[in-house]
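Q: Return atomic coordinates for the entry below.
(one chain, ligands or ions: 1)
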Amino acid sequence: MLTFDQIQAYDSNGYVLVPDVFAPQEVEVLLANVTKEGRATKHQFNMADAAGRASKLSLWSDIGDDVFGAVSASPRIVNNVRMLLREDVYHWHSKVMLKEPRIGGAWEWHQDYGYWYGDGCLYPRLISCMIALDPATKENGCLKVVPGSHLLGRFDHGRVGQQAGADQERVNAAIERLGMKYCEAPAGSALFFHGNTFHASEANLSNKPRRAYICCYNALSNVPYGGKGHGRPVPIVTTPDDAILRYAESVVA
Ligand SMILES: O=C(O)CCC(=O)C(=O)O
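A: Residues are numbered from 1 along each chain as shown. Below you'll find the model as predicted:
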């Protein structure tokens, strides 16, 4: 459970990094499932960055009855998101981010609400939780954020490569005023960030992969109008705490 200080940090900065949310054995099971034939391999696609480098990911909206579903519905994530939003939430979507060694592309500066505004959400009451599967470092393209930018409101977004990118002039002004922080993160950590927090990541120029699993949630009071958006707006039934390790055997089999 997040502490009072962590919740306060999130409220003022728009993000909070929590170490050791998942144990090394759990991360191992997840990594094995990233490469094993299944959800993570079936749904893969690229969203090229401004330089044309491939930023590969796999994305789905249903929680699903597998190890990835066990994380998306983990009480360690869902209950913290409920606390940060001060209300119940539903699963919006989850994605495996595959930043491959030397070729994995960047993610351009954006707000997630820059994408989700177009899906009919009236409020930016969405949270993403980025779970590091490999240690995320400056060299392999860890997430970088503009602290406090969740309070700026939504900026206009246009196309940058195949991604949505925020108005660069305003992003530069925000960075000048608020600064920018690299969120280097140990494997198993969870970075919770607000739907309006500006974030980006650089290309992976190292010879190590930078894989991460990102789970996104929307407040149940913020269901998009017109039947648009992702996920089913129903409360999440959280999984038992040992659910991830139960999938260890299916990897070996
Ligand atoms: O994987 C990354 O480095 C960034 C992903 C991201 O910005 C996003 O999914 O919104």
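Q: Could you use CA atoms for every contact and neighbour count after this?
A: Noted.
Q: now this structure, which segments are flagged as low pLDDT?
A: Residue ranges of the chain with pLDDT under 70: 249-253.
Q: Quick one: name the residues of it near the ligand.
A: Residues of the chain found near the ligand (Cα under 6 Å from any ligand atom) are 97, 107, 112, 143, 200, 201.
Q: doesn't residue 144 make contact with the fifth one?
A: Yes: between residue 200 and residue 144 there is a contact under Cα atoms under 8 Å: 5.5 Å.
Q: Contacts only, for the residue nearest to the spatial centre of the chain.
A: Closest to where the C-alpha atoms of the chain average out (Cα atoms, centre = their mean) is residue 214, at 3.2 Å. Residues counted as contacts of residue 214 (Cα atoms under 8 Å, 6 or more residues apart in numbering) are 94, 95, 96, 97, 128, 129, 130, 131.
Q: bridging residues for the second one?
A: So that's residue 95. When assigned by DSSP bridges, residue 95 has beta-bridge partners residue 59, residue 214.
Q: need the contact list for it.
A: Residues near residue 95 by Cα under 8 Å, 6+ apart: 57, 58, 59, 60, 213, 214, 215.
Q: let's see it at 6 Å
A: Contact analysis of residue 95 by Cα atoms under 6 Å, 6 or more residues apart in numbering lists 58, 59, 213, 214.
Q: Now restrict those to buried residues only.
A: 58, 59, 213, 214 (16 or more other Cα atoms under 10 Å).
Q: ok, the residue lying closest to the third one once chain neighbours are set aside - contacts?
A: Spelled out, it's residue 213. Spatial nearest neighbour of residue 213, excluding adjacent residues (Cα to Cα, 6 or more residues apart in numbering): residue 96 at 4.5 Å. By Cα under 6 Å, 6+ apart, residue 96 lies in contact with 57, 58, 212, 213.
Q: could you redo the residues you listed as CSV and give each row distance to residue 13?
A: Formatted as CSV, these follow (distance: Cα to Cα, whole Å):
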residue, distance to residue 13
57, 27
58, 28
212, 22
213, 22
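Q: Kindly indicate which of the contacts of residue 214 lies nearest the ligand.
A: If you rank those by distance to the ligand using Cα to the nearest ligand atom, residue 97 comes first, at 5.1 Å.
Q: Look up phi and psi at that closest one.
A: phi -100, psi 120 (degrees, to the nearest 10).
Q: correct me, but it touches residue 215?
A: No: the pair residue 97 and residue 215 fails to qualify as a contact (Cα atoms under 6 Å) at a distance of 10.8 Å.
Q: Give me the more crowded residue out of those two.
A: Set residue 97 next to residue 215 and count neighbours by other Cα atoms under 10 Å: residue 215 wins out with 28 against 24.
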